[in-house]
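*Asks:* sequence plus the predicted model coming up.
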Amino acid sequence: HESMDSLSKKLEQMKSINPRHGKIDILGCVEAAVERSKLRFSDIGCEVRNRLCRGVSDGDSDIVTEALINILNNAAEAIEEKGAGDGRVLVLLENEDDNVVITVCDNGCGIKRRQMRYIFNVMFSTKQSAVNWGIGLSYAQKIILAHSGSIYAKSKFGEYTAVQITLPIEGGRVKWAQKA
């Protein structure tokens, strides 16, 4: 019953994402997400490489951090599912034109090619668990799109998954979405 309440609450949150307007310290969001993710409670190594020249975007740092937590949790779960003792997550922060690019790459179990087109769909999950409802990546996508960003994933089954988020740098052409 408690898990159904939690699922209902998360689905309700997804209906309307309205970011607060403010400055986002991208490195701060990444550091907070790592600290609050499942990586904190595991033996999985996580490296953050900050190559940002400009790392401030417009938007809501709290919900961008939530999006990153969902992505990092998926990385941790993929590594745990693979069962390899050398699990690693790399978070790379870079600038590209007038954007901040965040890439999260793990050496977990990967995603099958035929499943890749569905990974951002609500209620789609590659995991066989009662606690994985398939809303983490779709929620992350809605948050990133609400910030005029983009999110893309690539994977090789059995080897890795990389998720890349692109957000406009502060002062860029942010078109605020009323509802994502």
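*Replies:* All right, it came through fine.
*Asks:* run through the protein and note the low-pLDDT ranges.
*Replies:* Along the chain, segments meeting pLDDT under 70 span 1-20, 84, 123-134, 170-180.
*Asks:* surely V101 meets A162?
*Replies:* No - applying Cβ atoms under 8 Å, one finds V101 not in contact with A162, separated by 11.5 Å. No exception for glycine: its C-beta is placed from N, CA and C like everyone else's.
*Asks:* residue contacts, G158?
*Replies:* Contacts here follow Cβ atoms under 8 Å, 6 or more residues apart in numbering; on that basis G158 touches K82, C109, G110.
*Asks:* distance of the spatially closest residue to the second one that is not a sequence neighbour relative to E31?
*Replies:* Right, C109. Leaving aside its chain neighbours, C109 sits nearest to K82 (4.1 Å; criterion: Cβ to Cβ, 6 or more residues apart in numbering). Per Cβ to Cβ, to the nearest Å, K82 is found 26 Å from E31.
*Asks:* can you give me the strands in this protein?
*Replies:* 23-25, 45-51, 56-58, 88-96, 99-106, 150-156, 160-168 (DSSP state E).
*Asks:* the second one pairs with which strands?
*Replies:* Based on DSSP bridges, the pairing partners of strand 45-51 within the sheet are strand 88-96 (parallel).
*Asks:* contacting residues around the strand it pairs with?
*Replies:* For strand 88-96, contacts defined as Cβ under 8 Å, 6+ apart pick out 26-27, 30, 34, 39, 44-55, 72, 75-76, 79, 100-107, 166, 169.
*Asks:* stretch 34-45 now?
*Replies:* So stretch 34-45 is contacted by 46, 48, 65, 68-69, 72-73, 75-77, 79-80, 87-89, 91 (Cβ under 8 Å, 6+ apart).
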